[in-house]
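Colleague: Show me how the following folds:
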Amino acid sequence: MVSATREPRATGAWYDRTAHRVVMELGGGYQVGIPVRQLKEIASATPTELAQVELLGRGHILHWEDLDADYSVPALVLQMVGPTLLAQEAARAAGKVKTNRKAAAARKNGKRGGRPRKVARK
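Modeller: I've put the predicted structure just below:
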């Protein structure tokens with residue numbers, strides 16, 4: 001899961017006229033292209049207006065002054081990966097938590113023969 005100190009931020013942003021996308025370069029060299037049609041506030045803007053994208057807030061905001069439009073970089077990244085992937089990552093992280101209660105439950109389950117075997121369906 002993304003920690004508060006490592007939340008996504010853009011180190012660069014530009015408009016790709018060929019693909020009609022706003023591209024963000026994130027830390028670590030990742031690039032994310034977002035189709036303009038998915039950005040409702042700027043979907044009808046001209047290519048010249050779209051090319052005037054700026055970064056604000058140390059890379060946390062995509063900003064278009066003439067269009068009076070702002071987008072949160074972390075929100076766009078979360079929208080891209082979707083809630084399912086985010087939930088899977090949260091569950092994976094929670095599964096790594098070690099507590100005395102969890103250890104006791106695992107020992108008790110082990111004395112019963114452990115987790116039941118999965119039966120292959122035919």
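
Colleague: Just the pLDDT for the spatially most central residue of the chain.
Modeller: With distances taken as C-alpha atoms, centre = their mean, residue 78 lies nearest the centre of the chain, 3.0 Å away. With respect to pLDDT, residue 78 scores 83.

Colleague: ok, so what distance separates it from residue 100?
Modeller: 34 Å (C-beta to C-beta, to the nearest Å). The C-beta positions use only the backbone N, C-alpha and C, and glycine is treated the same way.

Colleague: Tell me which helix or strand comes right after the helix or strand of the chain with the lowest mean pLDDT.
Modeller: Least confident helix or strand, the chain: helix 73-95 with a mean of 76, by mean pLDDT, DSSP states H and E. Toward the C-terminal end, the helix or strand that comes next after helix 73-95 (DSSP states H and E) is helix 100-111.

Colleague: Could I have the CA atoms of that next one written out in CSV?
Modeller: The C-alpha coordinates for helix 100-111 follow below in CSV (Å, rounded to 0.1, in the frame of the first residue of the first chain):
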residue,chain,number,x,y,z
ASN,A,100,-0.3,-13.0,19.4
ARG,A,101,-4.0,-13.7,18.7
LYS,A,102,-3.3,-14.6,15.1
ALA,A,103,-0.5,-16.9,16.1
ALA,A,104,-2.6,-18.6,18.7
ALA,A,105,-5.4,-19.2,16.1
ALA,A,106,-2.8,-20.7,13.7
ARG,A,107,-1.5,-23.1,16.4
LYS,A,108,-5.0,-24.1,17.3
ASN,A,109,-5.9,-24.7,13.6
GLY,A,110,-2.6,-26.7,13.2
LYS,A,111,-3.6,-29.0,16.0
